[in-house]
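**Q** All I have is the shape, not the residue letters:
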């Protein structure tokens, strides 16, 4: 389960619903296993629809209140299920294409990820001003995404097999999962907790704890909308409590099942962005 | 009858009352400081003892340089750091072996835990700032990972298991310019980890915890903990040691000396009581008024105690000589006080003035020190006048039976060393007056030459003695690394977009057509969109209020066009919008390649100073990233050709574990940059040299954009307060000299006497400073401070000498006749004073901190030299100008002496000018003209006043003689 990732898109149903609809009818007293909760959350957070696109405005506010923004478009395409079923239940490999438009001096910069469930991801960076395509060695995923408080792993989704999961609390609206890394030396946190909405399986809150057991990082979903029938987080915040900085991302123009061709996610298209999907 | 007579008689009649009053004063002031310190809650309305070891406080909090320093520290997120240097001299790879790096890793992990809940802001943590911690396991490495691939990783994610892995960590760190010479030593043997603190007040806690942890490590590694916060903190501890050791030792030594002089325990105790009371009252008042205990103010007790007993030494000396004449202690003490009252008043006042003149120095701790010692001196004077006579009355009558000269016998007195030597000395001075004055002239010449050689310099690290762990760490680490002293140079883009709108609009139009030409046919309908944009810009420009406003309106226009454009024109409008946003970012000066190249040239120029071991800048970061993005080879260690290239290198750099690191070097608007400059020496002199080199570089190399440069960082703050100290000390010395001279002229009603009074101490102080210049001792804070305050102390000898001479002279009629008597009791008392005060300061040599030692040695030297200088120079000088000093007719009235009056007026004006200049913003030129005018007016008044008939009668006895004089 991944972090509450944000750059990915869809997410389904939510608290909003419980209020709006006067209480979403939950499968009464259904007892889900931890694995089922983890899997459904993963699907909701990263795999809604066959593909998707969105425009993103990212605002980074540092400890002194100074802000910087980045604007980019994001394309996602899931590998089809091996059995050919198109019911959105397959959570396999995916591809992301992130096309930057602002600040003006990073316009046309592209970051591309081939996310692999069973091996290391492949990551590419295109820097137009230097006319340079670089592969980024994937040894380290917990680095900042373009200077924001979100990490690469938040963007592409942390592999659910990297952690052990435990259901520590079930409240009226949420499952609270505690996720502990199987290889503690590979990450900077000791564990993280996620609050998952019971009916929508949207992660609405996340808290990361350092090796001293202190909370140092916090995620929250701040706005949820339904797009093309998919409940989608359209505004989210990640705060770094140690650096005292925070990043807010806002999605607009969210679309699902736009039929992005697979070859868009190749090196060739880094220099030649598929404009029709990026508007 | 002098005004003191009544005071003394009053005290003598009510000894218990006096004692109680003094005890009450000490108790009240002592408790006012002690109670809130012991129990801050119960006495929250009082100020507890507050120790201040922060060198920044050498400048007032509102000093512009300091305000800027604080602002930039905040803006660039620069914190005070504890530095842990790890050196291994035994292993061939230094600390780059698995065991040592394992310990470094463990220590780093441990350091991350050194945080505590904040007392001021519940919920906040204070302590080590983990995100800015610099250690092998907390910094990033960026390197090639096969063809076309770049890797970001922790430099040392986990401790290495093999020697190869350990060396690989060293080699990686050495390839990264930011780390080489900072984290890893240039020789590849040593490491430094840097622990930034939320507040330097926590450094002691962090320091102790680190030491505990390190104590548990085995192996051959040496750990050196240093850094300014640690130094400051240690300073506080040593300061109390100084107060706890030096002050009591001084007390003891003074006590022993007094016992040797007077051999009467019961009597000797009284000045000791006065000294302790004065010290308690002064420190109590210091704390109670909310002042901090600083390196300067911690010396207050040790200054007050020897000074406080000086007057008592004179009283007891005189009492000692006279008591057996009458064996009536009341009569004796009253007589003694009558004789000594005026000299004691003046010596105390001049001493207070000497210290008080430090208030003219624009350095708050020095001001506080001066003012409070002045206060303490006057407290000591009051209680000497009131309590000592009272105390004498309280003694059991028979305890005085065997006290004094008659009892011990003339013979014995003459047999004492002082008793035998002093009269011989006196006679010799008068006999060889010309030779002595010639010697004085020669010494003065040497002194002036020496003073011109004085080298102004200070270095707070050198306030510790050479064996102190902090000095050792300083030496070891500066030999391995680029330097542990940080100076910061802020570069700020001038101008900005608040330029002339019309001019800016013309530039925009030019750039629109240039961009249009670049795009050519690559984008459909680009011509149409850019033409529309151009037309809109022409239309908006005359109405726009600012460049930013113009761009805002253009952006709104472009956005509307984009939103409404048909598909075929979308890309064109996209380009147009991009162009507008790029225009907005034109103010990001520190993304411009030529600006970065300029910074690099500046850094190279800095290295030529030899003081700078290394510097880090945004340009170095950009070059490092660019190198790794290209081939990783040295040839690609350069700045990209375009601002966009720079921007893309920087955004790549921010894809690291520590994106915030960038903001230590530049602000997010890219209009301010910060150069980190590592100096191998913390000497102010060296920092000044670097600052001059930078000023010269800017003068000779105009920057490619308007760039203002300003220094910040503690090394710069030190330079600023030192400059203030030097000019301030000149003022303070001048102020104290003029004030003392005025007082002397008034006391003796003669400018000549006043002038003579100043001669011995001016010559000796000049000589001591000349020697300092000649032997190359740095003119640092303690040396500077002593010049003006020692003036007020040293003049005491002259006052006593001249007062007694003036009193004795009429009895003998000539210097050569009087000299034997003058060099009897008066000279003995002066000599005792010289010894008491000189030796009284020597315990400062025992203090563990160098400034205290300097103060101890220097003030003892000044006071010995000035004391003996007085005994030699004054009689010689007086013998030469005897006729002028003792005119046959005595003038009744001060203003009748035209020259004295004019000189007094001139020095009074100068004194006022010096004070006014110090406290009111007024130029020296204006002040000089005002002063000259005032002096002329006062001189005229003096002239008329001194030519009044009354004066003429007084001066010449008859009006006839006056008429002769006028006609002549």
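**A** Yes, it's here. Since the model is a prediction, treat every value here as computed from it, not as a measurement. Numbers count the residues shown, from 1 in each chain, chains lettered A, B, ... in the order given.
**Q** In chain A, where is pLDDT below threshold?
**A** A:1-30, A:86-87, A:138 (pLDDT under 70).
**Q** Which residue is the nearest non-sequential neighbour of residue B:481?
**A** residue B:185 (5.2 Å; C-beta to C-beta, 6 or more residues apart in numbering or on different chains). (Each C-beta comes from the backbone N, C-alpha and C, glycine too.)
**Q** I figured the one you found hits residue B:179, correct?
**A** No. Taking contacts as C-beta atoms under 8 Å, residue B:185 lies outside contact range of residue B:179: 10.5 Å.
**Q** more crowded one of the two?
**A** Set side by side, residue B:185 and residue B:179 show more neighbours around residue B:185, with 25 against 22, by other C-beta atoms under 10 Å in any protein chain shown.
**Q** And the more buried one, how close does it get to residue B:228?
**A** 20 Å (C-beta to C-beta, to the nearest Å).
**Q** ok so, going back, show the backbone phi and psi for the residue nearest to residue B:481.
**A** phi -70, psi 160 (degrees, to the nearest 10).
**Q** How much space separates it from chain A?
**A** Distance, residue B:185 to chain A, by C-beta to the nearest C-beta, to the nearest Å: 26 Å.
**Q** for that residue, what are its contacts?
**A** Taking C-beta atoms under 8 Å, 6 or more residues apart in numbering or on different chains as the criterion, residue B:185 is in contact with B:94, B:191, B:192, B:480, B:481.
**Q** Compare those and tell me which is most surrounded.
**A** Neighbour counts for the contacts of residue B:185 peak at residue B:191, which has 28 neighbours (criterion: other C-beta under 10 Å).
**Q** That one is in contact with residue B:85, isn't it?
**A** Yes. With contact defined as C-beta under 8 Å, residue B:191 counts as touching residue B:85 (7.3 Å).
**Q** In the stretch 151-300 of chain B, what residue spans correspond to helices?
**A** B:163-175, B:203-215, B:228-262, B:265-288, B:300-326 (DSSP state H, counting those that start in this stretch).
**Q** Next to chain B, which bits of the stretch 51-200 of chain A? Give me the list.
**A** Counting by C-beta under 8 Å from any C-beta of the partner chain, the stretch 51-200 of chain A comes close to chain B at A:62-64, A:66-68, A:101-107, A:109, A:125, A:127-130, A:132-137, A:139-140, A:142-148, A:152, A:185-186, A:188.
**Q** Apply 6 Å and report the result again.
**A** Residues of the stretch 51-200 of chain A lying near chain B by C-beta under 6 Å from any C-beta of the partner chain: A:66, A:68, A:102, A:104-107, A:127, A:129-130, A:132, A:134-137, A:139-140, A:143-144, A:146-147, A:185.
**Q** ChimeraX command to pick out the buried ones of those?
**A** Here is the ChimeraX command that selects the buried residues among those (16 or more other C-beta atoms under 10 Å in any protein chain shown):
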select /A:68,102,104,105,106,107,127,129,130,132,134,135,136,137,140,143,144,146,147
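**Q** and the residues of the stretch 51-200 of chain A next to chain B, which of them are in strands?
**A** The strands, defined by DSSP state E, take in A:68, A:102, A:127, A:132, A:134, A:135, A:136 from these.
**Q** So the last one sits against residue A:123, correct?
**A** Read that as residue A:136. Yes. Assessed by C-beta atoms under 6 Å, residue A:136 is found in contact with residue A:123 at 4.2 Å.
**Q** Name the spans of the stretch 151-300 of chain B whose pLDDT lies under the cut-off.
**A** In the stretch 151-300 of chain B, no residues with pLDDT under 70.
**Q** hmm, 80 instead?
**A** Flagging of the stretch 151-300 of chain B using pLDDT under 80 yields the residue ranges B:227-244, B:246, B:262-264, B:295.
**Q** Mind telling me which residue of it is nearest chain A?
**A** residue B:151 (3.7 Å; C-beta to the nearest C-beta).
**Q** burial measure for residue B:629, as a count.
**A** 23.
**Q** so how far is residue B:240 from it?
**A** 55 Å.
**Q** What segments of the stretch 51-200 of chain A are helices?
**A** Using DSSP H, counting those that start in this stretch, helices in the stretch 51-200 of chain A cover A:152-156.
**Q** again but with the stretch 351-500 of chain B, I slipped
**A** B:364-394, B:405-408, B:410-415, B:417-431, B:433-452, B:469-480.
**Q** which one of the ones you listed is the most hemmed in?
**A** helix B:364-394 (a mean of 24; mean count of other C-beta atoms under 10 Å in any protein chain shown).
**Q** Helix B:265-288 and that helix, what's the angle between them?
**A** For helix B:364-394 against helix B:265-288, the angle by axes from the mean of the first three to the mean of the last three C-alpha atoms, to 10 degrees is 150 degrees.
**Q** just to revisit the earlier point, nearest to residue A:57, of the helices of the stretch 351-500 of chain B?
**A** helix B:469-480 (46.6 Å; C-beta to C-beta).
**Q** Give me the helices and strands touching that closest one, please.
**A** strand B:222-226 (3 or more C-beta pairs under 6 Å, 6 or more residues apart in numbering or on different chains; DSSP states H and E).
**Q** Look at residue B:725 and tell me its secondary structure.
**A** For residue B:725, the assignment made with DSSP: H, G, I helix; E, B strand; the rest coil gives helix.
**Q** count of residues packed around it?
**A** 23.
**Q** Quick check, it in contact with residue B:784.
**A** Yes. The pair residue B:725 / residue B:784 is scored as a contact, 5.3 Å apart, by C-beta under 6 Å.
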